[in-house]
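K.L.:
need a 3D model of the following:
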Amino acid sequence: MGEYYRDAEQLYEIYGYFMDRILRDPKAGPKMARAGIIIKFIYTDPDAEITIDLKNPPEKEGYYGTYYLGPCDLKEDVWSKQAADFSHSFWHGLENPVAAVTKGKIKQGGKITAMLKLLPVVRPAFDLFPKVLEEMGYGDKVIRKE
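P.N.:
Now for the predicted structure:
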């Protein structure tokens, strides 16, 4: 098991809360929606899947996309497989995903260039993720820069 998540349920709890925030964000949300793709994140340690639909109209009012926690029937345009701990570190702004692909820490398939275009858009969320952890009472999971 990884360092930050005791199981998939906890990962879904944290990422669900985080997705609620970022997909309703008036700055990042519209920019993400313009990507017009469906992204599937496949995590290991714990095993989990999160699919973000930025292609179809959002299911909830006030959102710029729809996310699904766990396996779903949507066919993704791009997928990314990584350790949950790597993702946790990424959302703190501590990882370079391009370098991680070359080193084999992330495996990807599909429209990878479309996904790479999202990187500058999601960068403001690097400040949001630690705040979300604190709000949820998971301050012990915030990676503190020394």
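K.L.:
need phi/psi at R34.
P.N.:
Dihedral angles of R34 (phi, psi; degrees, to the nearest 10) stand at phi -60, psi -20.
K.L.:
same deal with Y68?
P.N.:
With angles defined as degrees, to the nearest 10, Y68 sits at phi -130, psi 130.
K.L.:
hmm, E134 and K141 touching each other?
P.N.:
No. Counting by Cβ atoms under 8 Å, K141 stays clear of E134, with 9.3 Å between them. Bear in mind the C-beta positions are built from the backbone N, C-alpha and C, glycine included.
K.L.:
quick one: low-confidence ranges for this structure?
P.N.:
For the chain, the stretches with pLDDT under 70 are 146.
K.L.:
repeat that for 50
P.N.:
Low-confidence segments of the chain, defined by pLDDT under 50, are absent.
K.L.:
and the strands in it?
P.N.:
38-44, 48-53, 66-69, 78-83, 106-110 (DSSP state E).
K.L.:
tabulate these (TSV), appending mean neighbour count.
P.N.:
Compiled in TSV, the strands of the chain are given as follows (neighbours: other Cβ atoms under 10 Å):
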stretch	mean neighbour count
strand 38-44	20
strand 48-53	21
strand 66-69	20
strand 78-83	19
strand 106-110	16
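K.L.:
could I get the ones you listed as CSV with distance to G16?
P.N.:
Shown next, in CSV, are the strands of the chain (distance: least, Cβ to Cβ, whole Å):
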stretch, distance to G16
strand 38-44, 13
strand 48-53, 8
strand 66-69, 5
strand 78-83, 18
strand 106-110, 22
